[in-house]
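# Fold the following, please.
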Amino acid sequence: MNKLRIKYKFFVVFFIAFFANAADIQAQNVSLTINPDRTVVFRYADSTAFSVKLFCDGELKKETKTILTENYHSVRMTKDSDGIWTYTTPPMAPEVYTYQFERNGKRICDPTNPDSVRVHDERRSVFIIGGTPQTDMYLWDPLHGRLDTVEFQSSNEEKIRRIIVYTPPQYAESGQDYPVLYLLHGLNGNETAWMDRGRAAQVLDNLIVEHRAKPMIMVMPDANPVSLIAQKENIGLLKNIFLYPAWNDLEFEHCYPEMDAYLSGLYRFSQKQGSRAVAGLSAGAKQSANLANMYDSTFSSIGLFSPVVGGKQLPNNNYAYYWIGGGTADFFHHRINKFRKRMQRKHILYTMYNTKGGHTWRNWRVYFTEYAQTLFWNQR
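Model prediction:
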């Protein structure tokens, strides 16, 4: 009996010690701390790893004033006596950041951070440094809308397109019809791009609650050519570039009327004149301009963010209002300027919104925030 008691006591002590140690490890494995001076301490707990690097699209070695591209850098982390790998950044600008750890040569998301997004052919963890009016837009408002995923198959396509539909706060209670914004991704994107990297739902929530934007429904479809519909994450950017000519077949543009009719049967889409707008980034901006020309009395407003456009996308009517956003360091900057000058010669109304930086989500989030505030104010 005494031996059993001793064994039982030993087991209890071992059990408590084991889980206390596990709790200590879990407490140490808080992956990052954002300090008041905007430096960030990254941590990765793994005493068995022989090499750990941090990859991040932020300022890892020195503060950067102008971001030209989606820079993704790496630094080596340092392991302490407890097996915790750490790295402290210089002050980082308020922004949305993505990052990964590389353990023994293999990149992984942060195991302690549930927030991750798709970037090209991989997933990355996400964190936000707030503190500015713009970055505060990227956080959920307590009164927020709803996101649904809908599947749609055009009568002319064999594949199913996934669509994310945002309905505004109090949509269910209001019973009213709403104007609709179609928001399109770019090359190598899908229906999740604007939701994940663009923070579009959070931005629109905040704008609506603050009465800076009209309540609207926002549709974020998989707008890829048929060959790239429902693409998996491992397809990658290079294959998308190789298949880019398929975007010229206008497959998404041709299925738009059928898609809008289908969604109108599921949601309370306004059918009033001027109740549709379309916007997109990069190749999605090209699609937006195509849609405006193909259905010239449908869209009251066209948003072109870092647009990849040419003569075929030049507006052929004066019905729609154009809003163009571009960075001074964007590699399409010259093409954008050429496009808007041709619009001037045709007396097409437009607003040009210039920013620093390049072809990046940092700019596209700002463009969406500004553009959304211009929509549907004449709708009742």
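
# now for the helix or strand encompassing Met343, which elements pack on it?
Element membership for Met343 (DSSP states H and E) is helix 333-345. Counting contacts by 3 or more CB pairs under 8 Å, 6 or more residues apart in numbering; DSSP states H and E, helix 333-345 is packed against strand 321-327, strand 350-355. C-beta: built from backbone N, CA, C; applies to glycine.

# do that again at 10 Å, thanks
In terms of contacts (3 or more CB pairs under 10 Å, 6 or more residues apart in numbering; DSSP states H and E), helix 333-345 is packed against strand 299-305, strand 321-327, strand 350-355.

# starting at the chain centroid, how far to that helix?
Helix 333-345 sits 27 Å away from the centroid of its parent chain (CA atoms, centre = their mean, to the nearest Å).

# Name the residues of it that come out as buried.
Of the residues in helix 333-345, 333, 335-336, 339-340, 343 count as buried by neighbour count, 16 or more other CB atoms under 10 Å.

# Export those residues as JSON lines, with columns for distance to Gly131.
Output for the buried residues of helix 333-345, formatted as JSON lines (distance: CB to CB, whole Å):
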{"residue": "His333", "distance to Gly131": "29"}
{"residue": "Arg335", "distance to Gly131": "35"}
{"residue": "Ile336", "distance to Gly131": "30"}
{"residue": "Phe339", "distance to Gly131": "35"}
{"residue": "Arg340", "distance to Gly131": "33"}
{"residue": "Met343", "distance to Gly131": "37"}
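
# of all the residues you listed, which comes closest to Leu187?
Ranked by distance to Leu187 (CB to CB), the buried residues of helix 333-345 are led by Arg335 at 15.2 Å.

# Hmm, Ile324 and that closest one touching each other?
No. Between Arg335 and Ile324 there is no contact under CB atoms under 10 Å: 11.4 Å.

# overlap in contacts of the two?
306-307, 309 (CB atoms under 10 Å, 6 or more residues apart in numbering).

# show me the contacts for Thr374.
213-214, 277, 301, 303, 321, 323, 351.

# looking at these, which has the most residues close by?
For the contacts of Thr374, the largest neighbour count, defined by other CB atoms under 10 Å, is 32 neighbours, found at Gly303.

# now the closest residue in space to it that isn't next to it in sequence: how far from Met77?
The shortest distance from Gly303 to any non-neighbouring residue, by CB to CB, 6 or more residues apart in numbering, is to Ala279 (2.8 Å). Distance of Ala279 to Met77, computed by CB to CB, to the nearest Å: 40 Å.

# OK, contacts around Gln153?
Applying CB under 10 Å, 6+ apart to Gln153 gives the contacts 159-161, 229, 255, 258-259, 262.

# Need the worst-confidence member of those residues.
Within the set of the contacts of Gln153, pLDDT is lowest for Ile229 (75).

# burial count for it?
Neighbours around Ile229, by other CB under 10 Å: 20.

# so which strand or helix has Val219?
Using DSSP H and E, Val219 falls within strand 217-221.

# can you redo the buried residues of helix 333-345 as TSV with distance to Glu191 and pLDDT?
Formatted as TSV, these follow (distance: CB to CB, whole Å; pLDDT from 0 to 100):
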residue	distance to Glu191	pLDDT
His333	28	91
Arg335	27	92
Ile336	26	94
Phe339	27	94
Arg340	29	92
Met343	30	92
